[in-house]
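S.K.: just a sequence and a predicted model for now, questions to come.
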Amino acid sequence: QVQLVESGGGWVQAGGSLRLSCLASGLRFSSYAMGWFRQAPGKEREFVAAISWSGGTTYYAASVKGQFTISRDNAKNTVYLQMNSLNPEDTAVYYCAAGTVVAGTSRHYDSWGQGTQVTVSS
């Protein structure tokens, strides 16, 4: 059974940083592309970033490029999202997902975590 467990969310003031982690189990982690998505209150879930199985390819939403960095450690079955210069518009529940390709649409991802809340205050 595939499990993805996010951690690292919380409350931060505008301009601050957070690093999210997603620990995967029940799958051959090093064979999967991984993605981060987020959903703000009253809005649809949106793509944030994705990374290939090797870490050699990354892909970002235009809204976070240069601000967020996705990385992975296959030895630890973990994918990370480093978020810098946070602003209130980044407030959302952040989800990690496992899929077969690096993609910006949720339909390419088969397994999802439960999410971690990130709140940025002004």
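M.R.: In hand now; what should we look at?

S.K.: any idea which helix or strand carries the residue nearest to the spatial centre of the chain?
M.R.: Note on the chain: the residue nearest the mean C-alpha position is Trp36, at 2.5 Å, using CA atoms, centre = their mean. In the assignment (DSSP states H and E), Trp36 maps to strand 33-39.

S.K.: measure Gly35 to Gly26 for me?
M.R.: 17 Å (CB to CB, to the nearest Å). Yep, even glycine has a C-beta here, placed from its N, CA and C like the rest.

S.K.: returning to what we had before: what strands line up against the strand holding Trp36, and which way round?
M.R.: With DSSP bridges as the test, strand 33-39 is paired with strand 46-51 (antiparallel), strand 92-99 (antiparallel).

S.K.: name the residues that touch it?
M.R.: Strand 33-39 has contacts (CB atoms under 8 Å, 6 or more residues apart in numbering) with 20, 22, 24, 45-53, 68, 70, 72, 79, 81, 90, 92-104, 106, 108-109, 115, 118.

S.K.: show the buried residues in the residues you listed.
M.R.: Using 16 or more other CB atoms under 10 Å as the burial test, the contacts of strand 33-39 include 20, 22, 24, 45, 47-51, 53, 68, 70, 72, 79, 81, 90, 92-99, 102-103, 106, 108-109, 115, 118 as buried.

S.K.: now the strands for this protein?
M.R.: According to DSSP state E, the chain carries its strands in the segments 3-7, 10-13, 18-25, 33-39, 46-51, 58-60, 68-73, 78-83, 92-99, 109-112, 116-121.

S.K.: make a markdown table from those strands and add mean pLDDT to it.
M.R.: Putting these into a markdown table (pLDDT from 0 to 100) gives the following:
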| stretch | mean pLDDT |
| --- | --- |
| strand 3-7 | 98 |
| strand 10-13 | 98 |
| strand 18-25 | 98 |
| strand 33-39 | 98 |
| strand 46-51 | 98 |
| strand 58-60 | 98 |
| strand 68-73 | 98 |
| strand 78-83 | 98 |
| strand 92-99 | 98 |
| strand 109-112 | 97 |
| strand 116-121 | 98 |
